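**Student:** Structure of the sequence below:
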Amino acid sequence: MTYRDPPGIIAPHIPADAYRRAEATGQPVVIVVPTNNPTALPWRRIVTALAVVGAVALGGWGLVVALCALLDAAAHTVTVIAGAAGPIGVGGITLRLTRSKHL
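**Tutor:** Residues are numbered from 1 along each chain as shown. Prediction:
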């Protein structure tokens, strides 16, 4: 785990020789504090968003494929049942659901 100073502390230590030199000559002591770059891209947020969007897209395609498979199975089932049932007649009107295999 990295050690972080509490907020408000700029530098935990200034070397004594740098402090005495600055005090004797009147030169300022420059302390460089690393900060977050506000212009940098937040890669973690971008990658997380892309992962969520990708998962949603793959899930949508999965639903489409599942629906197509169910419709295909239903069509085959209807064809098999209609072929086994033969012609259906109601009130003198006969309806052939499938073509006969004799042709």
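
**Student:** name the element Leu67 belongs to?
**Tutor:** Element membership for Leu67 (DSSP states H and E) is helix 43-85.

**Student:** Can you give me the first-to-last residue distance of stretch 29-43?
**Tutor:** Criterion Cα to Cα, to the nearest Å; first-to-last residue distance in stretch 29-43 is 35 Å.

**Student:** What mean pLDDT does that stretch get?
**Tutor:** Averaged over stretch 29-43, pLDDT sits at 72.

**Student:** what sits against Cys68?
**Tutor:** Not one residue lies near Cys68 by Cβ atoms under 8 Å, 6 or more residues apart in numbering. Yep, even glycine has a C-beta here, placed from its N, CA and C like the rest.

**Student:** Export stretch 74-81 to CSV, keeping only CA atoms.
**Tutor:** The C-alpha trace of stretch 74-81 is given here as CSV (Å, rounded to 0.1, in the frame of the first residue of the first chain):
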residue,chain,number,x,y,z
ALA,A,74,-41.7,-23.9,-34.2
ALA,A,75,-41.8,-23.9,-38.0
HIS,A,76,-40.3,-27.4,-38.2
THR,A,77,-42.8,-28.6,-35.5
VAL,A,78,-45.7,-27.2,-37.5
THR,A,79,-44.4,-28.8,-40.7
VAL,A,80,-44.1,-32.2,-39.0
ILE,A,81,-47.5,-32.1,-37.4
